[in-house]
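Q: Sequence and predicted structure are below.
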Amino acid sequence: QMQLVESGGGLVQAGGSLRLSCAGSGRTFSSYVVAWFRQAPGREREFVAGINWSAGSTDYEDSVKGRFTISRDNAKNTMYLHMNSLKPEDTAVYYCASMLRGNWRIPSMYDYWGQGTQVTVSS
């Protein structure tokens with residue numbers, strides 16, 4: 001089993017920045033794809049960004065490319081999402097998820113989920 005805990009959400013003005021953290025325990029991320037999803041009220045959960053931990057390859061949803069960046073700390077088994085130039089439409093609950101393999105963009109492919117952290121961007 002793997003446990004995922006997100007942190008770092010909050011309220012920020014448009015144009016501002018936040019850094020989200022996803023700490024994994026129980027298993028290391030080394031064999032996993034670890035990703036960020038978000039879900040706004042009334043909307044489906046959507047893929048934001050992900051990383052193949054062993055390969056270091058990343059993927060981003062088009063609307064966040066150039067604004068969001070994934071980084072990681074292997075020693076802490078922690079993934080970060082650096083969010084810059086935030087927009088009101090980025091407002092959502094952000095979730096961390098992990099899986100061994102599958103389509104990165106499909107939520108049902110993921111085996112483990114965190115509890116989520118709220119990000120609110122005011123205009």
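A: Sure, I can see it.

Q: Which residue, neighbours along the chain excluded, lies closest to the residue minimising distance to the centre of the chain?
A: The structure's the chain has its C-alpha centroid closest to residue 36; by Cα atoms, centre = their mean the separation is 2.2 Å. Closest residue to residue 36 apart from its sequence neighbours, by Cβ to Cβ, 6 or more residues apart in numbering: residue 48 at 4.2 Å. In this view, the C-beta of every residue, glycine as well, is placed from N, C-alpha and C.

Q: same question for the one helix or strand that neighbour maps to, mean pLDDT?
A: Assigned by DSSP states H and E, residue 48 falls within strand 46-52. Averaging pLDDT along strand 46-52 gives 98.

Q: in its sheet, what does it sit against?
A: Strand 46-52 has its sheet partners listed here by DSSP bridges as strand 33-39 (antiparallel), strand 58-60 (antiparallel).

Q: same question for the first one, mean pLDDT?
A: If you average the pLDDT over strand 33-39, you get 98.

Q: Quick check: most distant residue from the centroid of the chain.
A: Distance-from-mean max, the chain, by Cα atoms, centre = their mean: residue 123 at 22.5 Å.
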